[in-house]
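**Student:** Okay, here's the prediction I keep looking at, along with the sequence it came from:
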Amino acid sequence: MSIGGRLATVVVAFLVAVALVVTAVAVFLAPGTPGGVVNFTKAQAAGQPVDLTVQTVGAIGFGAHPTWVSYLVKDPQGKWVHETTWKLPAHTLVHMTIYQYDSGSPLRNQEWGQVQGTIGGTATLNGKTYSQYDSYTGNGVGHTFAVPTLDLSVPLIGVSGSATNVCGEAPCHFNSAHNIITFSFKTPGPGNYPWQCFVPCGLGYLYGNGGPMSTQNYMGGFLDVVAQ
């Protein structure tokens, strides 16, 4: 092949790679539902910790993708909303509570069973402290809550897949099988920090990483950290 032919091949390959990256970013940034940002900067006095409460569900039960797994967040007024971009004050302690209503399975990569980046390097599962979880025991791991740029990652242990009171539609309530995971972390300086689940749970998609795994307002979103 001539030098010109090789150059043309390289250029085409580069353009294809760029197109794939742009497409992937566009898919992730595509909103799952109309809406915006849930603002937690006015929920407490300046400098005081923020209480952030979310839930993970096996099926959202409404909207364009009712069978998709999803996160929901409790807004400052106490209402569960389907939004995954949360505005938080910078340099502030965040106490996070996650109600995990989905079932789990063994992890493909056991690294995701480690608690990382939290205050003290630990989380609690139904009141019991843990720093790592063996996903080949118990009910496995359903999801993770991870903010890669903060080196923050917490495995969310699943409920029993044989439970008869599994939640089938969000928002889920205490009478459905669930685990309660708590941990704390500190927000960095102002910026936009993506968070996501790293446990593939997009059934019917290649390697489980499509659908809800790559769509904002389902299994990923952003921490919109601002100066207060």
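**Tutor:** Good, I have the coordinates.

**Student:** So, low pLDDT: which residues of the protein?
**Tutor:** Along the chain, the parts satisfying pLDDT under 70 run over 1-35, 207.

**Student:** Where do the helices of it begin and end?
**Tutor:** Using DSSP state H, the helices found in the chain span residues 3-29.

**Student:** all strands for this protein, in order.
**Tutor:** If you assign secondary structure with DSSP state E, the strands in the chain sit at 38-39, 50-57, 70-74, 80-81, 85-89, 93-100, 123-125, 128-130, 141-147, 152-157, 179-186, 191-196, 220-226.

**Student:** Show residues contacting the fifth one.
**Tutor:** Right, strand 85-89. 36-41, 46, 50, 52, 73, 94, 187, 216, 221-228 (CB atoms under 8 Å, 6 or more residues apart in numbering). Placement of C-beta: from N, CA and C, glycine included.

**Student:** how about 7 Å then?
**Tutor:** Where contact means CB atoms under 7 Å, 6 or more residues apart in numbering, the residues beyond strand 85-89 that reach it are 37-41, 50, 52, 73, 94, 187, 221-226, 228.

**Student:** That one pairs with which strands, and in what direction?
**Tutor:** Strand partners for strand 85-89, identified by DSSP bridges, are recorded as strand 38-39 (parallel), strand 220-226 (parallel).

**Student:** Between those, which one is closest to residue 193.
**Tutor:** Nearest to residue 193 among the strands paired with strand 85-89 is strand 220-226 (4.3 Å), distances taken as CB to CB.

**Student:** what sits up against that closest one?
**Tutor:** The list of residues contacting strand 220-226 from outside it, by CB under 7 Å, 6+ apart, reads 28, 37, 41, 84-90, 147, 187-188, 190-197.

**Student:** and if you look at stretch 159-175?
**Tutor:** So stretch 159-175 is contacted by 55, 57-61, 70, 72, 80, 99-101, 103, 139, 176-179 (CB under 7 Å, 6+ apart).
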